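Peer 1: Below is the structure, and that's it, no one-letter string:
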């Protein structure tokens, strides 16, 4: 045997022995991208999603590697960011705002081997799912507290954009309040932004000047709460527990817990079992979580709050069960009936008691 051949065979044998005895190389982590409409420090919607991302990282460790892009406007810029995350090797991408739906759909069609999950929309593809929380359940519970705590029978809502998701929350808040106080009326100011502390502050001040003494919101900063505390009124946290920003005014908060969904989705992708679909979780599933009640809330109010929460969890009650009428008095949901999902998702009317009209 020639010397060169001998050493070649010896090298192959050593390599084979090494491959049998050495530990297997660790699998590459699943790369996951997140697209956020606001800053992670907004204390609201984006903050809650980022807390969910961190919870997923903690649960799955080295199996995942995440990245996020914050302050991404809804529209053309969103498509650019989503496409960039896909080209960078992210195999699972969460796009966390309603206005990302069409850009997500467009990019998903171009990257069939990447899985996309879009929050709060209504479109799905083979590789694009949709998820949202039944946040109106928590909004109803805020109303139960507000209806008992108000002295003026006038509530205020600082609203973001006039889309069904937000209209649902305004109506649920009002219905919850009316369930304990039929005299309730709700005033709404639209700021046309998810996160604009200056506009939110101005809207809150205007609502209080118009007689509202308990405020809610569908925006992301704690500005509404801070104004309420400055004016000696009450308000609620939204998307996350905001008690630290206004401990005297903060009665409770309607919060989103995305960590369980993000963790389970990543597990499915890792296992190759993910399938497209629509996920809607609420109080029962732990996707909607109510913050602790402020001690200023009287025991009878707390009891009513807990009773309605328990009924929603066990399925014996839903916020949009009849009878429900709109501003004109027209019956939208008959007594003994529950609003169908299709109508719930396309809600475009105010219930009786909400003042003004929905912007076109």
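Peer 2: Structure's in. What do you need? Keep in mind that this is a model prediction, so the values were computed, not measured.

Peer 1: Walk me through the domains of this protein.
Peer 2: For the chain, whose domains are defined here by automatic domain parsing, the residue ranges read 30-133+258-281, 135-248+289-345.

Peer 1: Output those domains as TSV; include the columns distance to residue 357, mean pLDDT and mean neighbour count.
Peer 2: Yep, even glycine has a C-beta here, placed from its N, CA and C like the rest. Formatted as TSV, the domains of the chain follow (distance: least, CB to CB, whole Å; pLDDT from 0 to 100; neighbours: other CB atoms under 10 Å):
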stretch	distance to residue 357	mean pLDDT	mean neighbour count
domain 30-133+258-281	21	97	19
domain 135-248+289-345	8	98	20
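
Peer 1: Now render the ones you listed as TSV, adding distance to residue 351.
Peer 2: Below are the domains of the chain laid out as TSV (distance: least, CB to CB, whole Å):
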stretch	distance to residue 351
domain 30-133+258-281	21
domain 135-248+289-345	5
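
Peer 1: Can you show me the helices along the stretch 251-360 of the chain?
Peer 2: 259-271, 299-314, 341-345 (DSSP state H, counting those that start in this stretch).

Peer 1: coming back round to it: of the domains of the chain, which is nearest residue 353?
Peer 2: domain 135-248+289-345 (5.2 Å; CB to CB).

Peer 1: so how far is that closest one from its chain's centroid?
Peer 2: 16 Å (CA atoms, centre = their mean, to the nearest Å).

Peer 1: With stretch 84-91 instead?
Peer 2: That offset, for stretch 84-91, works out to 24 Å (CA atoms, centre = their mean).

Peer 1: End to end on that stretch, go ahead and measure it.
Peer 2: 12 Å (CA to CA, to the nearest Å).

Peer 1: what's the answer for stretch 246-258, then?
Peer 2: So stretch 246-258: terminal residues 24 Å apart, CA to CA.

Peer 1: Please apply the same query to stretch 236-246.
Peer 2: OK, stretch 236-246 end separation, CA to CA: 10 Å.

Peer 1: picking that back up, in JSON lines, list the helices of the stretch 251-360 of the chain along with distance to residue 94.
Peer 2: JSON lines is the format used below for the helices of the stretch 251-360 of the chain (distance: least, CB to CB, whole Å):
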{"stretch": "helix 259-271", "distance to residue 94": "7"}
{"stretch": "helix 299-314", "distance to residue 94": "26"}
{"stretch": "helix 341-345", "distance to residue 94": "20"}
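
Peer 1: Of those helices, which is nearest residue 235?
Peer 2: Using CB to CB, those put helix 299-314 closest to residue 235, at 15.6 Å.

Peer 1: Counting by contacts, list what the closest one packs against.
Peer 2: Identification of packing neighbours for helix 299-314 by 3 or more CB pairs under 8 Å, 6 or more residues apart in numbering; DSSP states H and E yields helix 135-149.

Peer 1: what's the helix it packs on packed up against?
Peer 2: Contacts defined by 3+ CB pairs under 8 Å, 6+ apart place helix 135-149 against strand 154-159, helix 164-178, strand 214-217, strand 234-239, strand 250-256, strand 288-290, helix 299-314.
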